[in-house]
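S.K.: how would this look folded up:
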Amino acid sequence: MKLGFTIGEIAAELQLNPKTIRYYEGIGLLPKPRRTESGYRLYSKADIERLRLVKRAKLLGLSLAETREIVDYAIDQHCAVLEKRLLALLETKLGEIDQKIEELVSFRGDLRRYQAELSRRLKADAGEVSKAPRPDPCQCIGETTGGGEAIRTHVDILWPEESLSSRKGGETMAQKGKKGPKATTAQKECGCGCLPVKK
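M.R.: Take a look at the predicted model:
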């Protein structure tokens, strides 16, 4: 009669990395297994079923804390509680996914506008008969003017203020840490001539 399964056996059966199994054991998702006299871990069929539940929960995008909660309900055979809790978690996940989709669609639109703007600029540059060479390196990214005032960057062109304020949540990564806009000033070309900057 087989006393248990080695970590290699259950890793092969469930297609899990042995390190992952040991990690789940370390954080309490899997109980400490019995060990042989020589120190090898021996897992039971119940351990294998628990790991199967963990894998399914992971496919649903549940966090480790949520997974532990669901697995505990299943092991304790509290199926009705499990189903209600799982339904609530899935509804939350769907809401998060819908929000991410909206943000990605908006971001795709921003990228397409920026792509069109860059394409227009390159075509305009190619059509010029004579053009002063641009300095190297480009001075339009993360630099400041002589007076210490931050100039416009590629990010400003990609997400103008009116686009930023309309994005979901009212604040994006491009806005975080930025001070409020100063008074509007006339625009001029930056040192390399590729993007407009503030005087």
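S.K.: skipping its backbone neighbours, what lies nearest residue 69 in space?
M.R.: residue 85 (6.8 Å; C-beta to C-beta, 6 or more residues apart in numbering). From N, CA and C alone the C-beta is placed, and that goes for glycine too.
S.K.: can you show me the strands along this protein?
M.R.: 34-35, 41-42, 187-189, 196-198 (DSSP state E).
S.K.: quick one: strands adjacent to the first one?
M.R.: Read that as strand 34-35. When pairing is defined by DSSP bridges, strand 34-35 lines up against strand 41-42 (antiparallel).
S.K.: average pLDDT across the strand it pairs with?
M.R.: For strand 41-42, mean pLDDT is 90.
S.K.: show me the longest helix that occurs in the chain.
M.R.: For the chain, the helix that runs over the most residues, judged by DSSP state H, is helix 79-127.
S.K.: buried residues in stretch 79-98, which are they?
M.R.: 82, 86, 89 (16 or more other C-beta atoms under 10 Å).
S.K.: same check, this time on stretch 51-67
M.R.: Here stretch 51-67 shows 51, 53-54, 57, 62, 66-67 as buried, counting by 16+ other C-beta under 10 Å.
S.K.: can you list these in TSV and add pLDDT and distance to residue 44?
M.R.: Output for the buried residues of stretch 51-67, formatted as TSV (pLDDT from 0 to 100; distance: C-beta to C-beta, whole Å):
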residue	pLDDT	distance to residue 44
51	93	11
53	91	14
54	93	15
57	91	20
62	92	24
66	92	24
67	92	20
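S.K.: taking those residues one by one, which sit in helices?
M.R.: 51, 53-54, 57, 66-67.
S.K.: now residue 48: how far from residue 68?
M.R.: 17 Å (C-beta to C-beta, to the nearest Å).
S.K.: repeat for residue 90
M.R.: 17 Å.
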